[in-house]
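> I would like the atomic coordinates for the input below:
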Amino acid sequence: MHDVEALFETMRDAIPAGPVAIKEAVESGKKVVGCYCAYTPYEVIRAAGAIAVTLCSTSEKPIAVGEEHLPRNLCPLIKASYGFALSDTCPYFHFCSLVVGETTCDGKKKMYELLDRLRPTHVMQLPQTYLGEESLRMWQKEIERLVSRLESELGVTITENDLRREIRRRNEERCVMNGLYDLSKLDPAPLSGRELHLANEFFKISFGEPQAMDLIRELTRKLRENYEAGERRAPPDRRRIIVTGCPTGKSLEKVFNAIEENGGVIVAFENCGGIKPNYEMVNESLPPYEALAAKYLGIPCSCMSPNEKRLDLLETLVDEYKADGVVDIILQACHTYNVETFQVRERMRDKKGVAYISVETDYYQGDVEQLSTRMGAFVEMMS
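Numbers count the residues shown, from 1 in each chain. Sure, this is the predicted structure:
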């Protein structure tokens, strides 16, 4: 028990220390490239010898600053992303030589025009369908265009061997995280959803460092070992919940708390900060540009249309994680995820026979009590 708690505490301490590590890396001559989205191919950035960092975007604190230039009725993730940059309160953005964006939604692609005034911003034009060779060729061209921009901005040359090396490395990281995720297929779950979310947040700031991956491996090993010895961190009567929908982060922990303080346990995060980007590997037998294009274009975000792949993935996860219910988190003004709730509800309730609820919220904390009441009723309904 003590060993597991110590590992979680190490992760907790590492998250606020991330900016210091980046500052020291920059002072030693490393370049930093900022990213916002799961569609950004980290392998390409790393092949350029740079550190790929996930930029700040999940707090209500900078939203008022963002609204100085952006409309109020915009997704809080977009306003927070821009507010952090405009106020220079995201330490990762502060050290960026380049920011990489992508056209997943209209709000983000217009925000990137303003962001480019603050830092050089390269926008990848995402084909919003993963059907057909034409989309695949278009996305491969966008990856090649990113390579050219990185070479120009950073003064480097990126070879196919560099890409192959980083593909292998990133695949190994995905396997490490999948090993941890797989533990929650056990019943009862050997860790809480809040602990799983902590591991996801730690993974974001690990920057691919081998010692960070070793820590996650050790956590996975210890949790399984303790479980086999009879330890039960989650009571067996908890309703098993999959969280899906918009990107998660610090301000949305209120939803996780509401679920787990009212008789539920989160066994999987399908969101782009969890299983979604790690579920499939990059095919190492293909030429690297082709392999990267196929992998990243296949991520089932709601910006894709049609998006049967997300529905199929959720069905698979319901079976694999023996879920009792699905909680769909929708950020206010996120139209693609909000419209898609109809199909997700239909597939989960009618086909899979599991409970479903969509929760529309933002980053402010004024609805904490309301969320607790709704999640309590949702979990009780499953009982």
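> going forward, measure contacts between C-alpha atoms and count neighbours the same way
Fine.
> counting neighbours, what do you get for C175?
C175 has 17 neighbours, counted by other C-alpha atoms under 10 Å.
> ugh, typo on my part, it should be D350
Counted with other C-alpha under 10 Å, the neighbours of D350 add up to 11.
> distance check, it against V359.
19 Å (C-alpha to C-alpha, to the nearest Å).
> next: I167.
36 Å.
> which of these two has more neighbours?
Using other C-alpha under 10 Å as the criterion, I167 and V359 rank with I167 on top: 25 against 18.
> over to the closest residue to the more buried one other than its chain neighbours. Which of the three states is it?
Among residues not flanking I167 along the chain, E43 sits closest, at 5.8 Å (C-alpha to C-alpha, 6 or more residues apart in numbering). The assignment at E43 comes out as helix when based on DSSP: H, G, I helix; E, B strand; the rest coil.
> need the residue closest to the centroid of the chain.
Geometric centre of the chain, nearest residue: G273, 1.5 Å, by C-alpha atoms, centre = their mean.
> I figured that residue was touching G245, is that so?
No - using C-alpha atoms under 8 Å, G273 makes no contact with G245, being 10.5 Å away.
> show me how far the longest helix anywhere in the chain is from its chain's centre.
Ranked by residue count, the top helix of the chain under DSSP state H comes out as helix 2-27. Centroid separation for helix 2-27 versus its chain: 19 Å, with C-alpha atoms, centre = their mean, to the nearest Å.
> ok, and for that helix, which residues are buried?
By neighbour count on 16 or more other C-alpha atoms under 10 Å, the buried set for helix 2-27 is V4, L7, F8, M11, A14, I15, G18, P19, I22, K23, A25, V26.
> I figured the second one was touching T220, is that so?
No - using C-alpha under 8 Å, L7 makes no contact with T220, being 10.2 Å away.
> in contact with Q332, which residues?
L74, C75, P76, E360, T361, D362 (C-alpha atoms under 8 Å, 6 or more residues apart in numbering).
> without its sequence neighbours, what residue ends up closest to the second one?
Meaning C75. In space, C75 is closest to A333, 4.9 Å off (C-alpha to C-alpha, 6+ apart).
> what does the fourth one give?
Beyond its immediate neighbours in the sequence, the residue positioned closest to E360 (C-alpha to C-alpha, 6+ apart) is I330, lying 4.6 Å away.
> what does the helix or strand that neighbour falls within contact?
Counting by DSSP states H and E, the element that carries I330 is strand 325-331. Residues external to strand 325-331 that are found in contact with it (C-alpha under 8 Å, 6+ apart): 75-77, 239-246, 337-338, 341, 348, 354-362, 382.
> mind listing which of these are in strands?
239-245, 355-361 (DSSP state E).
> low-confidence stretches in the stretch 51-200 of the chain?
Counting by pLDDT under 70, the stretch 51-200 of the chain contains no low-confidence range.
> which two among the buried residues of helix 2-27 are spaced furthest apart?
Spatial extent of the buried residues of helix 2-27 (C-alpha to C-alpha) is set by the pair V4 and V26 at 32.5 Å.
> count the residues that sit near the residue nearest to C75.
Neighbour count of A333, defined by other C-alpha under 10 Å: 18.
> doesn't it fall inside a helix?
No - going by three-state DSSP, the assignment for A333 is coil, not a helix.
> what residues does it make contact with?
Contacts of A333 by C-alpha under 8 Å, 6+ apart are N73, L74, C75.
> now the residue nearest to the second one when sequence neighbours are not counted: phi and psi?
Excluding the flanking residues, the one nearest L74 by C-alpha to C-alpha, 6+ apart is A333, at 5.6 Å. For A333, the backbone dihedrals (degrees, to the nearest 10) come out as phi 80, psi 10.
> is G101 in a helix, a strand, or coil?
Applying three-state DSSP: G101 is strand.
> count of residues packed around it?
G101 has 23 neighbouring residues, counting by other C-alpha under 10 Å.
> dig out what it forms beta bridges with.
Counting by DSSP bridges, G101 forms beta bridges with V123.
> still on that earlier bit, any idea how far the residue nearest to E360 is from V344?
12 Å.
> before we move on, the earlier item: and the residue nearest to I167, what does it touch?
E43 sits next to L163, E166, I167, R170 when contact means C-alpha under 8 Å, 6+ apart.
> those, buried ones only, as a PyMOL selection?
Of the contacts of E43, the buried ones go into a single PyMOL selection, burial set by 16+ other C-alpha under 10 Å:
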select buried, resi 163+166+167+170
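> mind listing which of the contacts of E43 are in strands?
Secondary structure from DSSP E places none of the contacts of E43 in strands.
> closest one to M177 out of the contacts of E43, please.
Closest approach between the contacts of E43 and M177, by C-alpha to C-alpha: R170, at 10.8 Å.
> residues contacting the closest one?
Contacts of R170 were listed using C-alpha under 8 Å, 6+ apart, and they are Y42, E43, G208.
> turn those residues into JSON lines, including pLDDT and distance to I216.
Below are the contacts of R170 laid out as JSON lines (pLDDT from 0 to 100; distance: C-alpha to C-alpha, whole Å):
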{"residue": "Y42", "pLDDT": "98", "distance to I216": "20"}
{"residue": "E43", "pLDDT": "98", "distance to I216": "20"}
{"residue": "G208", "pLDDT": "87", "distance to I216": "12"}
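> just those now: which is nearest L126?
The nearest member of the contacts of R170 to L126, counting by C-alpha to C-alpha, is Y42 at 15.6 Å.
> next one: that closest one from G155, what distance?
Counting by C-alpha to C-alpha, the gap from Y42 to G155 is 18 Å.
> ok, now A333?
39 Å.
> quick one on the thing from earlier: more crowded one of Y42 and G155?
For Y42 versus G155, neighbours defined as other C-alpha under 10 Å are more numerous around Y42 (20 against 9).
> residues near the residue nearest to N338 when sequence neighbours are not counted, how many?
What sits nearest to N338 in space, not counting adjacent residues and going by C-alpha to C-alpha, 6+ apart, is I330, at 6.1 Å. Look at I330: counted by other C-alpha under 10 Å, it has 25 neighbours.
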